[in-house]
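Novice: quick one, fold the following:
(4 chains)
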Amino acid sequence: MKLFEYQAKEQFIKAGIPIPEGQVASTVEEAVQGAERIGSPVVVKAQLLQGGRGKAGLIRKANTLEEVRKAAEGIFQAGKGVRKVLVEQAVPFKRELYLSITLEPANAKALVMASSEGGVEIEQVAAEQPEKILQYTVDLSSGILPFHSRSIAYDLGLEGEGSKRFAAVLEGLWKVFRTCDAELAEINPLFLTDGQALIAGDGKLSIDDNSLFRHPEFEPGPDYFESPIAYEAYKEGIPYLQFDGDISLMCAGAGLTTTVYDLIHYEGGTVANYLEFGGPNYRKGLRAMELCLANNPKVVLIVSFGTIARADVMAQGIVEAIQKLNPSCPIVACIRGTGEEEAQKILKDAGIEPLFDTEEAVRIAVRYTREFSDAPATQPAGDPSPSRGGSL
Amino acid sequence: MKLFEYQAKEQFIKAGIPIPEGQVASTVEEAVQGAERIGSPVVVKAQLLQGGRGKAGLIRKANTLEEVRKAAEGIFQAGKGVRKVLVEQAVPFKRELYLSITLEPANAKALVMASSEGGVEIEQVAAEQPEKILQYTVDLSSGILPFHSRSIAYDLGLEGEGSKRFAAVLEGLWKVFRTCDAELAEINPLFLTDGQALIAGDGKLSIDDNSLFRHPEFEPGPDYFESPIAYEAYKEGIPYLQFDGDISLMCAGAGLTTTVYDLIHYEGGTVANYLEFGGPNYRKGLRAMELCLANNPKVVLIVSFGTIARADVMAQGIVEAIQKLNPSCPIVACIRGTGEEEAQKILKDAGIEPLFDTEEAVRIAVRYTREFSDAPATQPAGDPSPSRGGSL
Amino acid sequence: MSVFIDRNTRVLVQGITGSEGSFWTKHMRGIGTQVVAGVTPGKEGQEVEGIPVYHTVRRALREHEADAAMLFVPPRFTLDAVFEALDSGIRKIVTIADGIPLQEAVQIRRAALSSGARVIGGNTSGVITPGKAMMGMFPYWIERVYKPGTIGVMTRSGSLTNEITAMIVRGGFGVSTLVGVGGDAVPGTRFAEMLPDFQADPDTEAVVIIGELGGTMEEEVAEAMEGGVFTKPLVAFLAGRTAPEGKRMGHAGAIVSGGKGTVKSKIAALERAGAYVADRPSRIGELLRTALGRGTV
Amino acid sequence: MSVFIDRNTRVLVQGITGSEGSFWTKHMRGIGTQVVAGVTPGKEGQEVEGIPVYHTVRRALREHEADAAMLFVPPRFTLDAVFEALDSGIRKIVTIADGIPLQEAVQIRRAALSSGARVIGGNTSGVITPGKAMMGMFPYWIERVYKPGTIGVMTRSGSLTNEITAMIVRGGFGVSTLVGVGGDAVPGTRFAEMLPDFQADPDTEAVVIIGELGGTMEEEVAEAMEGGVFTKPLVAFLAGRTAPEGKRMGHAGAIVSGGKGTVKSKIAALERAGAYVADRPSRIGELLRTALGRGTV
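Specialist: From the prediction side, this is the model:
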């Protein structure tokens, strides 16, 4: 789970990492008041989870309160769904450094990266001058030792006071990384001022989803999600991805769903959403179908080949959902694995043709998006015949 | 550095390990007042660093305040140099357990040991029924994991609430072990009560001397030392061991000194003390000699074969010490290693015969303890002739 | 012979009394696995399918010999359970837990590397040698999916496992051993680390790997092939050819991956190393026949 | 050949600009050791005896190849310095530091074991191959003490080192390599771990170990001899035959040692394993002659 910049910086403060004086604002008025308190010049920054805010014009410098007002208005009205801005003192800096901590799966250690060439072009630096990216692997249980900080500081060209301050920032970021169960803790840019001070200009913090049970403080609100349906699914505990195509996928497992996604695209189809019907969700047929239908798809495609997720339970849930929700689009079901004979019977009894081949199911689903795109309310013909809510 | 029981228990409290209600007392009156507050029955325990207090009659149970008074008086007057007693509630227990954490040099891990047969006979249990001593090695950086506590608790016969409490005690003792830089943290007995409570009946905590710089709170007072001379040496930063024989050893290095100690005993001699003249002390000839002479030895034997501890500097210090202190006993010097030619010259110039063979030096020293034991103030004869202060 | 598990492997089941633990213990025995004992704290004295249960791994191992541990333990207790098994000297561990905290997964893998142990998972169905033994959860009773044979399989995806093995069987083959390394970002064991075992296994003629976008495990397989560590035919199926990029891990993710991690880069690396890459599951059988020089039957 | 260090060993000196560091760097070169670079934070650009100094080990290794690190670093910074050397891939480390916090010594040894590195020390004079090279502090210029020869030496005691080597030379022998494992309770390397190196060294005919009361390192040597790991003649001198028992580590110390750790138990174990045990330093030469079958010359 990604956090907003202002949330990351709340963690930075706790860990003793210096940040610019700032104020979170939900309205233009609040932004102006914040700037008044902080003193000009300031930077007004959209609080969005996506990267590339600067290039999208969602980070604006303002020298006067009037400019702050305009900047905040512009950002709130940019149509990007910005709900908060961070108004921050514009820090006069000498250099922009880069510092991050992630995990290195192969070595099973943490990876600290740093560069003296921080800022928005860091990825280009990495591609063109990889020697400018310092990399250190750090054992999770030993943690950051003095030599790590010292080695990186010297290679960043920091000495004396700057080196000591860097050690404090790195130890602070490590503390954030560990205590927040982060998969990423990143400061870019890390401002170096003329006075050898180090100040976190930006903050990216991504919390490992599997550790969120330890961090109720990061409970996400609706603004974390791509759509209201995605937020609904989150509240149900159902993994969900929003797309904007025709076929609503109610599939079991990321690997199989990704494969179905590929096969749909091979056939020229498009995907409306992916809703995880596997794992503990296989008993939630009705709610799952409801969420899928909220996308108003041209077809709902159900694919699974389960072991624990019992095919018969899934089939039963689908049949009940169709009876209750009476969907206006076709339902294509390819449900195999444990309990598949019983599932087959349940589907057939309900007038739905059970399919056994993933690729065939995809072809049929894509065909329906074409055949019925202009006549969603009529009974589809053809064999094998998918069920439609209307036919029950 | 060993701590007193009451000091160990202060650390236990901080780490959440339950201890009996108690009071440290420096006088009989304080002990009686403490018992009055705690309520009878109590146990009055001498605060001594040596083990075997119980068998020496220095732990006494008292049912009335009068018994407390008698017990405290008896302990203070037992001639063991007891300066404090710990008056503690007598805990009614069902069983006595054993729990300790030490280090395992070969594995380079910590070693947790536990037994359901704790108490004063634990060493006998270990010798006769080694299977009753549970042993777990624990990685210092991973620390105690739930399975460690669980495994030990089940094997101690603890379940449910008792098992949870055991986990808290073990985690607490681990915390003490780590934060105090201990080489030993031991609870014996660990009382198990009828109500499944666990209470530390005794506490042994030994702090690693090399880590004492991190623990100024454990600065030892005179009562930690075997003699006032030992305390003086400690304040000078000079390692010192007190014995009660004839020959005062002013030697460089534990290995060489131990060898000299052996050789003296082979020759039928005895040792008054060992003062470490090596390491950073080789420049402290005068002070070292002063401390050695405070034992009123029959001879001072100086042996070194140094690399960094320069022989010439040692020789110079000895000559100066003899001139200033004018010792009444012979000085035997066998100083070799870096700078030995110069040392030889310095000693000779001062009328001291430089020796080159450790075993010969020992033989001569032991001979002097016999020859001069009745006439300490006369000039020794013989060749090689050791110097005496009186002869300078 | 087989890879990781066979009829001689003595398996200890941690978390045996839970609903998954007891259900799959029954089936592990059903296929022929030697399950010697179970562990659930507080349940010593009980039995599951006639298998005695102990409070702790140590207590179980006082009464039984075991060389592998199968964990049906919730994700947040998995680190503790893995360390308990390692502490008792067990060097083969499979954990199905889906949702192990990431930094704990890193510590699990580090402990495995340091102690020379192999931890398979989490987030996997486990390991199966069809017809012989399994540690994990596979519907081996569905014959069109779990036919014994000579194709080794490694997969990151649980949901694709049945799909792909069914295609292997439909292609006229069967499976020697299937190892689900698991779908987590930090699996205990990586594809390339299992390749020497499949190379050495006389029952394995070729290997199918089921990969996905993200990470570098598929690229490591290509390296192992180029380095001569693995010389048998290899067929790969990779999910995510048309998928949008996954969530980006800040700049750090981009810097570390350095262009690796996309399905495109994986396919290029594998094909350069001589692997056959299937664009859809139904082509796997055909590619296996080509790879094994049997033409199209 | 020799053990641990020879003329080809490229040594990096950490803490080179301190008084001990610079003094002994001069003498390490004096005997013939290749000292390639030095490290002292904040002193990059300086030189010591013509050897360039760098801020960090990484920076030094960008410019120089080194396969061993010699640490003249205060005890409380030793863990950091050892980890810095290990992090850069150095696998031979000698630390003279006297007073390393005990729990840090444990972590140093653990890191060495985990990474397959050898850390000698702390609280040692180091390692010397007389006439060739040394890492540490030995007055090799005193010829009656450091004559090259065929006797390997291992010692826990710094103060006995010169005493015993002088006796070896007086006995008509010289030293192949001397390894001071150090006098701390938790040395980075233990006697028995060095025995295979002396066994393999064609320049070593016999080994002298200098032991003390406490610990079990001497007993482990006896085990290695009984296990056939070491088959050359071995002479032991043990200090503390008549010494009172050292400080007792509570009951735990007694339980763990289980009767081991006394000089008596060490002598019994070594003699049972076929070692010759000298009761005083002056007998070492005679026992070496006996052990090597040369009678008393």
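Novice: quick one: contacts for A:Lys94?
Specialist: Applying CB atoms under 8 Å, 6 or more residues apart in numbering or on different chains to A:Lys94 gives the contacts A:Leu192, A:Thr193, A:Asp194. All C-beta spots, glycine's among them, are computed from the backbone N, C-alpha and C.
Novice: now it: how far from D:His55?
Specialist: Distance of A:Lys94 to D:His55, computed by CB to CB, to the nearest Å: 21 Å.
Novice: again with A:Glu371
Specialist: Counting by CB to CB - A:Glu371 and D:His55 are separated by 72 Å.
Novice: the two: which is more packed in?
Specialist: Per other CB atoms under 10 Å in any protein chain shown, whichever of A:Glu371 and D:His55 has more neighbours is D:His55, with 21 against 17.
Novice: these two touch, right, the more buried one and D:Pro41?
Specialist: Yes. The criterion here is CB atoms under 8 Å, and D:His55 meets it with D:Pro41 at 5.4 Å.
Novice: who touches both of those two?
Specialist: Common neighbours of D:His55 and D:Pro41 (CB under 8 Å, 6+ apart) are A:Arg150, A:Tyr154.
Novice: low-scoring pLDDT stretches of the stretch 201-350 of chain A, where are they?
Specialist: In the prediction, the stretch 201-350 of chain A carries no residues with pLDDT under 70.
Novice: which parts of it are helices?
Specialist: A:228-236, A:254-266, A:285-293, A:311-325, A:340-349 (DSSP state H, counting those that start in this stretch).
Novice: and stretch A:5-24, which residues are buried?
Specialist: A:5-12, A:15, A:17-20, A:22-24 (16 or more other CB atoms under 10 Å in any protein chain shown).
Novice: if I pick C:Met167, what's in contact with it?
Specialist: C:Pro281, C:Ser282, C:Ile284, C:Gly285.
Novice: could you look up the SS state of the closest residue to the second one other than its chain neighbours?
Specialist: Read that as C:Ser282. Counting by CB to CB, 6 or more residues apart in numbering or on different chains, A:Glu359 is the residue found nearest to C:Ser282 once chain neighbours are left out, at 5.6 Å. With DSSP: H, G, I helix; E, B strand; the rest coil as the basis, A:Glu359 sits in helix.
Novice: from what I see, A:Glu359 and C:Arg283 are in contact.
Specialist: No. Checked against CB under 8 Å, the pair A:Glu359 and C:Arg283 is beyond contact range at 9.9 Å.
Novice: chain center to stretch C:49-60, what's the gap?
Specialist: 25 Å (CA atoms, centre = their mean, to the nearest Å).
Novice: find the closest residue to chain B in chain A.
Specialist: A:Ser141 (3.7 Å; CB to the nearest CB).
Novice: equivalent analysis for chain C, please.
Specialist: Closest point on chain C to chain B, by CB to the nearest CB, is C:Glu84, at 3.7 Å.
Novice: check which helix or strand covers that residue.
Specialist: helix C:78-87 (DSSP states H and E).
Novice: run the chain-centre distance for that helix.
Specialist: 18 Å.
Novice: so is it next to chain D?
Specialist: No. Helix C:78-87 stays clear of chain D (CB under 8 Å from any CB of the partner chain), getting no nearer than 13.6 Å.
Novice: give me the mean pLDDT for that helix.
Specialist: Average pLDDT, helix C:78-87: 98.
Novice: can I get it in PDB? Just the C-alpha atoms.
Specialist: The C-alpha trace of helix C:78-87 is given here as PDB (Å, rounded to 0.1, in the frame of the first residue of the first chain):
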ATOM      1  CA  THR C  78       5.100 -18.700   9.700                       C
ATOM      2  CA  LEU C  79       8.500 -17.200  10.500                       C
ATOM      3  CA  ASP C  80       8.300 -18.700  14.000                       C
ATOM      4  CA  ALA C  81       7.300 -22.100  12.600                       C
ATOM      5  CA  VAL C  82      10.000 -22.100  10.000                       C
ATOM      6  CA  PHE C  83      12.600 -21.100  12.600                       C
ATOM      7  CA  GLU C  84      11.300 -23.800  14.900                       C
ATOM      8  CA  ALA C  85      11.800 -26.400  12.200                       C
ATOM      9  CA  LEU C  86      15.300 -25.100  11.300                       C
ATOM     10  CA  ASP C  87      16.300 -25.100  14.900                       C
END
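Novice: elements contacting that helix?
Specialist: helix B:146-155, strand C:10-14, helix C:57-63, strand C:68-71, strand C:92-95, helix C:102-115 (3 or more CB pairs under 8 Å, 6 or more residues apart in numbering or on different chains; DSSP states H and E).
Novice: let me have those in TSV, extended by mean neighbour count.
Specialist: Listed next are the helices and strands packed on helix C:78-87 as TSV, based on neighbours: other CB atoms under 10 Å in any protein chain shown:
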stretch	mean neighbour count
helix B:146-155	22
strand C:10-14	26
helix C:57-63	18
strand C:68-71	29
strand C:92-95	27
helix C:102-115	22
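Novice: out of the ones you listed, flag the one nearest A:Glu36.
Specialist: Distance to A:Glu36, taken as CB to CB, is lowest for helix C:102-115 among these, at 41.8 Å.
Novice: hmm, that closest one in reach of chain A?
Specialist: Yes. Using CB under 8 Å from any CB, helix C:102-115 reaches chain A at C:Leu102, C:Gln103, C:Val106, C:Gln107, C:Arg109, C:Arg110, C:Leu113.
Novice: let me see the domain layout of chain C.
Specialist: C:1-123, C:139-297 (automatic domain parsing).
Novice: so which of the ones you listed gets nearest A:Lys298?
Specialist: Of the domains of chain C, nearest to A:Lys298 by CB to CB is domain C:139-297, at 18.6 Å.
Novice: residues near residue 76, how many?
Specialist: Assuming you mean chain A. Residues near A:Phe76, counting by other CB under 10 Å: 21.
Novice: correction: the question concerned chain C.
Specialist: With other CB under 10 Å as criterion, C:Arg76 counts 16.
Novice: how about the secondary structure of C:Ile120?
Specialist: strand.
Novice: grab the nearest non-local neighbour of residue 155.
Specialist: Here I'm looking at chain A. A:Leu134 (5.3 Å).
Novice: the chain in question should be chain C.
Specialist: C:Ile210 is the one closest to C:Thr155 (CB to CB, 6+ apart), at 3.8 Å.
Novice: same thing with C:Ala269?
Specialist: In space, C:Ala269 is closest to C:Ala222, 3.8 Å off (CB to CB, 6+ apart).
Novice: related to what we said a few turns ago, can you put the helices and strands packed on helix C:78-87 in a markdown table and add mean pLDDT?
Specialist: As requested, the helices and strands packed on helix C:78-87 are exported to a markdown table (pLDDT from 0 to 100):
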| stretch | mean pLDDT |
| --- | --- |
| helix B:146-155 | 97 |
| strand C:10-14 | 98 |
| helix C:57-63 | 97 |
| strand C:68-71 | 98 |
| strand C:92-95 | 98 |
| helix C:102-115 | 96 |
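Novice: in JSON lines: these, plus distance to C:Glu245.
Specialist: Putting those into JSON lines (distance: least, CB to CB, whole Å) gives the following:
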{"stretch": "helix B:146-155", "distance to C:Glu245": "39"}
{"stretch": "strand C:10-14", "distance to C:Glu245": "38"}
{"stretch": "helix C:57-63", "distance to C:Glu245": "42"}
{"stretch": "strand C:68-71", "distance to C:Glu245": "33"}
{"stretch": "strand C:92-95", "distance to C:Glu245": "29"}
{"stretch": "helix C:102-115", "distance to C:Glu245": "20"}
